[in-house]
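Undergrad: Show me how the following folds:
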Amino acid sequence: MEKKAERARLADPNAAYANALPEADRIRYFKTLDGDLSKGELSVDLPAGGTVSTTSTGCLSDAKGKLYGDTATWFRVNKIATSLTPLYVPDLVKDQRFVKAVTAWSRCMREAGHPYTSPDDIREERHALTQGMSAKRAHATEVELAVTEATCAVETSLGKTARALEREYRATKLQRYSEDMTAYQRMRLAALARAKNIIDSEA
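TA: As a prediction, this is how the structure comes out:
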């Protein structure tokens with residue numbers, strides 16, 4: 001999946017065009033596309049701490065405004081809604097219901113020949129696992145591991161438990177951000193409808 005995304009990025013005609021420009025033109029191109037922070041800035045304080053900023057100028061900012069309806073509001077609710085996991089995940093993973101489910105999952109994986117203590121271990125070791133393999137063999141190995149992981153998640157109810165706990169913790173710990181999350185979902189759906197209309201009108 002990552003290799004496919006990288007190939008798509010390298011084959012992007014917009015990137016190819018920009019990279020072929022002389023340096024001065026390339027700088028001007030990206031400043032026009034991305035905007036100039038000194039000419040306009042949007043910023044938001046993240047729920048878990050810290051602040052992120054972006055420019056309010058440029059073609060990308062204009063496009064987001066047309067797609068989402070309001071660039072500044074979209075930037076705020078998007079950054080907030082996608083930065084909430086640190087507020088509840090640390091407590092969730094210490095919940096004994098989750099700990100027991102992970103232990104059962106680990107036992108299932110070990111019995112299937114994959115001695116991992118948690119799904120995070122797989123994420124961390126995935127690249128090392130396929131190191132030196134041919135692309136075909138690496139793909140087959142990753143698919144087999146993913147199937148086993150998913151099977152164990154179902155058989156031990158890890159997936160079901162994690163989803164239930166996430167709903168529970170989000171409901172109790174993220175109440176103050178409910179309006180931002182609602183606006184995020186509403187703007188995403190509206191943007192999807194606008195994008196579909198644009199595609200249909202150009203088809």
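Undergrad: Test my guess that Thr148 contacts Met109.
TA: Yes. Contact status for Thr148 versus Met109: in contact at 6.6 Å, counting by C-beta atoms under 8 Å. In short, each C-beta sits where N, CA and C put it, glycine included.
Undergrad: Which of those two has more residues huddled nearby?
TA: Applying other C-beta atoms under 10 Å to Thr148 and Met109 shows that Met109 carries more neighbours, namely 24 against 17.
Undergrad: check contacts around that one.
TA: With contact set as C-beta atoms under 8 Å, 6 or more residues apart in numbering, Met109 has these partners: 115-116, 148-149, 152.
Undergrad: likewise Val44?
TA: Counted by C-beta under 8 Å, 6+ apart, Val44 has contacts 51-52, 75-76, 79-80.
Undergrad: how near is the residue nearest the centre of the chain to Phe75?
TA: The chain has Thr82 as the residue nearest its centroid, 8.0 Å off, counting by C-alpha atoms, centre = their mean. Going from Thr82 to Phe75 by C-beta to C-beta, to the nearest Å gives 11 Å.
Undergrad: least trustworthy helix or strand in the chain by mean pLDDT?
TA: Ranked by mean pLDDT, DSSP states H and E, the helix or strand of the chain with the weakest confidence is helix 2-10, at a mean of 61.
Undergrad: tell me the phi and psi of Thr82?
TA: The phi/psi pair for Thr82 (degrees, to the nearest 10) reads phi -100, psi 10.
Undergrad: Distance of it relative to His139?
TA: 30 Å.
Undergrad: What of Ala101?
TA: 29 Å.
Undergrad: Have a look at the two and say which one is more surrounded.
TA: Ala101 (21 against 13).
Undergrad: just checking, the more buried one touches Val154?
TA: No. With contact defined as C-beta under 8 Å, Ala101 does not count as touching Val154 (11.5 Å).
Undergrad: one step back: by contact count, what packs against the helix or strand that comes right after the least confident helix or strand of the chain?
TA: Per DSSP states H and E, the first helix or strand lying C-terminal to helix 2-10 is helix 13-20. Judged by 3 or more C-beta pairs under 8 Å, 6 or more residues apart in numbering; DSSP states H and E, helix 13-20 is in contact with helix 23-34.
Undergrad: Contacts for the helix it packs on, please.
TA: So helix 23-34 is contacted by 18-19, 21, 55, 58-60 (C-beta under 8 Å, 6+ apart).
Undergrad: Which two among those residues are spaced furthest apart?
TA: Pairwise distances across those (C-beta to C-beta) peak at 21.6 Å, for the pair Asn19 and Thr55.
Undergrad: of these two, who's got more company?
TA: A direct count of neighbours by other C-beta under 10 Å for Asn19 and Thr55 places Thr55 higher, at 18 against 11.
Undergrad: so that one bridges to which residues?
TA: Counting by DSSP bridges, Thr55 is bridged to Glu41.
Undergrad: Pretty sure it sits against Gly35.
TA: Yes. Counting by C-beta under 8 Å, Thr55 touches Gly35, with 3.5 Å between them.
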